[in-house]
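**Q** pasting the sequence and the predicted coordinates here, then a few questions.
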Amino acid sequence: MTFVRLGYVAMSLKVPNSSPSQTMTITNFKKIQNKGAAILKLERITRSNLHNTLRILRHNAANDIQFYRMTSRLVPLATFEGLPDWDYMAAIEDSLKEVGMFVVEREMRVDFHPDHFVLINSPKKEVLKMTVKTLILHKRLLEGMGIDPKHRCVLHVGGVYGDRELALERFIHNWMLVPTGIQDMIILENDDKLFHLDDTLYLCEKLGIPLVFDYHHHIAHHKNKHWEDQWDRILKSWSASHLPIKMHISSPKSEKQFRAHNDFVDVKMFMDFLNEIKGSVDQIDCMIEAKRKDEALFKLMDDIKQYENIEINDGASFYIK
């Protein structure tokens, strides 16, 4: 028997006017002639994003959802080089603590998945520098919430840059340039185009990084389609983590747009995965990457009730026997 928790990404479609990703472009920032006034507007936007994050977390708690991915866009322009002296943490200290207290008191699992421009294996020094700067932002936000940053940031391996083997070795080289406190945050995910499960496991095992298995990505892009042959290695990558093993679940939009995410999760596809891994691990947290966000989670919970080997625990978790 395995305990399964479901989570979803960033936006709720059930909580009105609750975007946690409101932003301001650099262009609009520069249009405000008074820099102090522009910074005050950035801070208002950030506090609004954190307020909406708390609203979503309250919605999650009311619906038994204990697993949630926060947006990486909570603080607009936080890494903008034109604002080197902006102390955004001072402006949002109370808001961060409020979010963090709610998460900790309800024993929720939250994490981040920084955007595609965060590239540890980039051959460009300035890209690596910005990558580290962005990851430091995530670490500061988690620490400001009172949440242990360890294993809270999902990344892809990065780009191939014309040579897959060299790109993997550059990741290892650049990893040594990343501060230890940032290294500890990272968990790596197999992707749907460039670095398959075998590539990602190679890095995870070499560098001691947990692997987030994306089932949809694996079906779309693999060296060996039999992912279950590697399942013990995936589990072992989490052995040093204080968090349960994590995976991503989504379904293809269509045969022609196979890599794109569907609005909802195909329950049969999900059950195919669960029936393979049941009993191999006590608990697994499954992040739903579907267009309909929390609606997809609620539908999946309804769909899964039809299976005899499922025992519902609450509104967002169950046991598979």
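**A** Yep, it's here.
**Q** contacts and neighbour counts: CA atoms only from here.
**A** Will do.
**Q** all the helices of the stretch 51-200 of the chain, residue numbers only.
**A** For the stretch 51-200 of the chain, the helices defined by DSSP state H, counting those that start in this stretch occupy 88-105, 125-144, 164-175, 180-183, 197-207.
**Q** just put the ones you listed in CSV and tack on mean neighbour count and distance to residue 31.
**A** Listed next are the helices of the stretch 51-200 of the chain as CSV, based on neighbours: other Cα atoms under 10 Å; distance: least, Cα to Cα, whole Å:
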stretch, mean neighbour count, distance to residue 31
helix 88-105, 17, 20
helix 125-144, 18, 24
helix 164-175, 16, 37
helix 180-183, 16, 34
helix 197-207, 18, 43
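**Q** now these in a markdown table, with distance to residue 48 and mean pLDDT?
**A** Putting the helices of the stretch 51-200 of the chain into a markdown table (distance: least, Cα to Cα, whole Å; pLDDT from 0 to 100) gives the following:
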| stretch | distance to residue 48 | mean pLDDT |
| --- | --- | --- |
| helix 88-105 | 9 | 97 |
| helix 125-144 | 15 | 97 |
| helix 164-175 | 35 | 98 |
| helix 180-183 | 27 | 96 |
| helix 197-207 | 37 | 98 |
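**Q** JSON lines please, covering these and showing distance to residue 32.
**A** Formatted as JSON lines, the helices of the stretch 51-200 of the chain follow (distance: least, Cα to Cα, whole Å):
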{"stretch": "helix 88-105", "distance to residue 32": "18"}
{"stretch": "helix 125-144", "distance to residue 32": "25"}
{"stretch": "helix 164-175", "distance to residue 32": "38"}
{"stretch": "helix 180-183", "distance to residue 32": "34"}
{"stretch": "helix 197-207", "distance to residue 32": "45"}
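**Q** do you know which of those lies nearest residue 253?
**A** The minimum distance between residue 253 and the helices of the stretch 51-200 of the chain falls on helix 197-207, with 21.5 Å, by Cα to Cα.
**Q** quick one: mean pLDDT over the next helix or strand after the closest one.
**A** Going down the chain from helix 197-207, the next helix or strand is strand 211-214, by DSSP states H and E. For strand 211-214, mean pLDDT is 98.
**Q** how far does strand 211-214 sit from the chain's center?
**A** 11 Å (Cα atoms, centre = their mean, to the nearest Å).
**Q** name the next helix or strand downstream of that strand, please.
**A** Assigned by DSSP H and E, the successor of strand 211-214 is helix 215-220.
**Q** in that following helix, what's buried?
**A** Across helix 215-220, burial judged by 16 or more other Cα atoms under 10 Å covers 215, 216, 217, 218, 219.
**Q** show residues contacting that helix.
**A** Helix 215-220 is touched from outside by 190-193, 196-197, 225, 227, 247-252, 258-259, 273, with contacts defined as Cα atoms under 8 Å, 6 or more residues apart in numbering.
**Q** put the alpha carbons of that helix into CSV.
**A** Provided in CSV are the C-alpha atoms of helix 215-220 (Å, rounded to 0.1, in the frame of the first residue of the first chain):
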residue,chain,number,x,y,z
TYR,A,215,5.9,10.4,-16.3
HIS,A,216,4.5,12.4,-19.3
HIS,A,217,8.0,13.7,-20.2
HIS,A,218,9.4,10.2,-20.1
ILE,A,219,6.7,8.8,-22.5
ALA,A,220,7.5,11.7,-24.9
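**Q** of the helices of the stretch 51-200 of the chain, which is nearest residue 7?
**A** Residue 7 sits nearest to helix 88-105 of all the helices of the stretch 51-200 of the chain, at 13.9 Å, using Cα to Cα.
**Q** which residue, other than its chain neighbours, is closest to residue 134?
**A** Distances taken as Cα to Cα, 6 or more residues apart in numbering put residue 79 closest to residue 134, at 6.5 Å, once the chain neighbours are dropped.
**Q** do you know how far the one you found is from residue 135?
**A** For residue 79, the distance to residue 135 (Cα to Cα, to the nearest Å) stands at 10 Å.
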